[in-house]
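Asker: Structure, please.
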Amino acid sequence: MMKQVNKQVKKLIPVCMIGVSSLVACTKDKTPAAPAPPEPTKWEKIAGHYKVYDTTGVYLYDMNLIHTHNDVTNRDSIRFENFDGEFTFTTQQEEFGNLPMYVAIGGWDTLFDSNNKRWKLSGGLFTYYNNFHNDTIPLRFQKTNINYYIMDITPYYACDCKQIAVKQH
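Answerer: Just a heads-up that it's a prediction; the model follows:
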């Protein structure tokens, strides 16, 4: 009786091998992986929350940079919120070949601060300043109230300002 069972088992072994190999060979096709999200643009990389310090490392204020894209004109802009602790404005960004990560601050004549006082603000084009690098933007801009200080009844002020904005994660 045992010999009959052994013979039957020996006959089943090749059949089982064929069945197992067909199971392994007939696996479900893998669905292609979802495409990786596109690399963020430089303006998307620059956008974020920043802490701003003077050039000696003393904390000054918080600032937000918000990226917007106009599909009609195909232009990018950065909205500066609480720039220099006083101003909110939007500046169209441009590409500069020799300054690939340059952040334009723009030129503003009659920009109102948080106290409704008028200022003239310009960013200028500086080779080192206003360039995003390693989550840091060394900022340089001119700020003055020379055209308005008498009418606004405020002390005269002029500054070639230098600050360091550090992106927070």
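Asker: Could you list which residues are in contact with the residue lying closest to Thr136 once chain neighbours are set aside?
Answerer: With sequence-adjacent residues excluded and distances taken as CB to CB, 6 or more residues apart in numbering, Thr136 is closest to Val166, at 5.4 Å. All C-beta atoms are positioned from the backbone trio N, CA, C, and that covers glycine. Contacts for Val166 (CB atoms under 8 Å, 6 or more residues apart in numbering) come out as 50-53, 135-136.
Asker: of those, buried ones?
Answerer: 50, 52-53 (16 or more other CB atoms under 10 Å).
Asker: ok, the residues you listed vs Tyr129, which is closest?
Answerer: Ranked by distance to Tyr129 (CB to CB), those are led by Val52 at 13.3 Å.
Asker: need the contact list for the residue nearest the centre of the chain.
Answerer: Within the chain, one residue has its C-alpha closest to the average C-alpha position: by CA atoms, centre = their mean, that is Lys45, at 2.3 Å. For Lys45, the contacting residues are Phe132, taking CB under 8 Å, 6+ apart as the criterion.
Asker: Could you list which residues are in contact with Tyr128?
Answerer: Per CB under 8 Å, 6+ apart, neighbours of Tyr128: Pro138.
Asker: so it, which of the three states?
Answerer: Put simply, Tyr128 is coil when judged by DSSP: H, G, I helix; E, B strand; the rest coil.
Asker: Just the pLDDT at it, thanks.
Answerer: The predicted local distance difference test score for Tyr128 is 73.
Asker: now do Met17
Answerer: Per-residue confidence for Met17 comes out at a pLDDT of 54.
Asker: model confidence over stretch 74-81, on average?
Answerer: 92.
Asker: contacts for it?
Answerer: Residues lying outside stretch 74-81 but in contact with it, judged by CB under 8 Å, 6+ apart, are 41, 43, 46-47, 63-70, 87-93, 103-105.
Asker: can you give me the helices for the chain?
Answerer: Per DSSP state H, the chain carries helices over the ranges 2-25, 42-46.
Asker: Lowest mean pLDDT across the ones you listed, which one is that?
Answerer: Note on those: lowest mean pLDDT is at helix 2-25, with a mean of 54.
Asker: What is the neighbour count of the residue nearest to Thr68 when sequence neighbours are not counted?
Answerer: The spatial neighbour of Thr68 that comes closest, neighbours along the chain excluded (CB to CB, 6+ apart), is Ser77 at 4.9 Å. Counted by other CB atoms under 10 Å, the residues lying close to Ser77 total 17.
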